[in-house]
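Q: The following comprises the amino acid sequence and a computationally predicted model.
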Amino acid sequence: MLHPRSFSHQQAEVMLAAVQMTSSEDWAHNRDTAARLLAEAAGSGAELVALPEFFPLLHRDEQAKFALAEQDGQGPMQDFLAEQAQRLGIWLVGGSVPLKSPFPDRLTNTCLVYGPDGGRVARYDKIHLFGFQRGEERYNEASSFVPGDQPVTFDTPFGRVGLGICYDLRFPELFRQLDSVDLLVLPSAFTVPTGRAHWELLLRARAVENLCYLLAPAQAGEHASGRRTWGHSMLVDPWGEVLACLPEGEGVITGMFSSQRLAELRQQLPALEHRRL
Ligand SMILES: NC(=O)CCC(=O)C(=O)O
């Protein structure tokens, strides 16, 4: 049993980790994979760890998520995330899970965050629902999900963290609404064609324009349903440098968040203060 780390209020350097998975339709298998990779990340010294979008189940058919969907606040997916955060003593950005919404035919694509004591600290519902059509590849999240309408941040001893999910990455106005975030976390499952063309470009742009770190855990590879995802989980620093990337396969990336480097860069280039609204 690992014990929660205690944070000092001036904590300047923190190791971050992103977990990359090839989730199948089998929740128990995906849960065990997530548990193994979370333990690996925490064992490396990571204090904040993030899972990819829909780590419990990834399927080409969005309807598959209805069988797994939980009520807010109760269910095996939420218990798993709380237990892992507490057992490993980490801040856990729990990728995303399907939750029931007030509409029987719609779910929410929800990112839940837990602190090192296992208590829930944030809920973010994906605001921009993915739509894409090219040849055989078609996605229409809006057919089974209801969008969120609230940007969300949470505070840690090392800084303020803002949340987005996957397709949200394409909407810079969402991140501009967040109040002075030091780190953005973006659980994702990009398609291969859009990922190849835009993933790194967009991640680096969001990090540079908001002068913040950006941690993006991703789904990767060929999934049991035949769906394919781009992978390339990434940690980008506020200068747009890629600190870590895992192109393919399941695994963990780690890298350091430095509040000193963040402060230096913001002092050298005070672009956020130069905004004319
Ligand atoms: N799950 C998603 O939101 C996919 C987004 C994506 O692939 C994109 O290109 O944007």
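A: Great, that's in hand. Keep in mind the model is a prediction, meaning the values are calculated, not measured.
Q: what's in contact with stretch 236-250?
A: If you take C-beta atoms under 8 Å, 6 or more residues apart in numbering as the criterion, stretch 236-250 is touched by 18, 20-22, 33, 37, 200, 203-205, 207-208, 210-214, 216, 220-221, 231-235, 252-256, 261-262, 265-266. C-beta coordinates here come from the backbone N, C-alpha and C atoms, glycine included.
Q: Please spell out which residues along that stretch are buried.
A: 236-238, 240, 242-246, 250 (16 or more other C-beta atoms under 10 Å).
Q: related to what we said a few turns ago, just the contacts of stretch 236-250: which are in helices?
A: 33, 37, 200, 203-205, 207-208, 261-262, 265-266 (DSSP state H).
Q: for this protein, where's the lowest mean pLDDT among helices and strands?
A: Least confident helix or strand of the chain, by mean pLDDT, DSSP states H and E, is strand 137-140 with a mean of 90.
Q: Who are the packing partners of that strand?
A: Strand 137-140 sits against strand 131-134, with contacts defined as 3 or more C-beta pairs under 8 Å, 6 or more residues apart in numbering; DSSP states H and E.
Q: name the helices or strands packed onto the strand it packs on?
A: Using 3+ C-beta pairs under 8 Å, 6+ apart, strand 131-134 sits against strand 137-140.
Q: Tell me the residues on the stretch 51-200 of the chain that lie near the ligand, please.
A: Contact residues (C-beta under 6 Å from any ligand atom) of the stretch 51-200 of the chain with the ligand: 53, 130, 166-167, 170, 189-191, 194.
Q: at 8 Å instead, please
A: Residues of the stretch 51-200 of the chain that fall close to the ligand, judged by C-beta under 8 Å from any ligand atom: 53-54, 126, 128-130, 132, 139, 141, 165-170, 188-191, 194-195, 198-199.
Q: out of those, which are buried?
A: 53-54, 126, 128-130, 139, 141, 165-169, 188-191, 194-195, 198-199.
Q: quick one: contacts for R204?
A: Counting by C-beta under 8 Å, 6+ apart, R204 has contacts 236, 240, 242.
Q: tell me which element the second one is part of?
A: It stands for G240. Secondary structure from DSSP states H and E places G240 outside every helix and strand.
Q: how close does it get to E200?
A: 10 Å (C-beta to C-beta, to the nearest Å).
Q: do the same with the first one
A: With distances taken as C-beta to C-beta, V236 is found 8 Å from E200.
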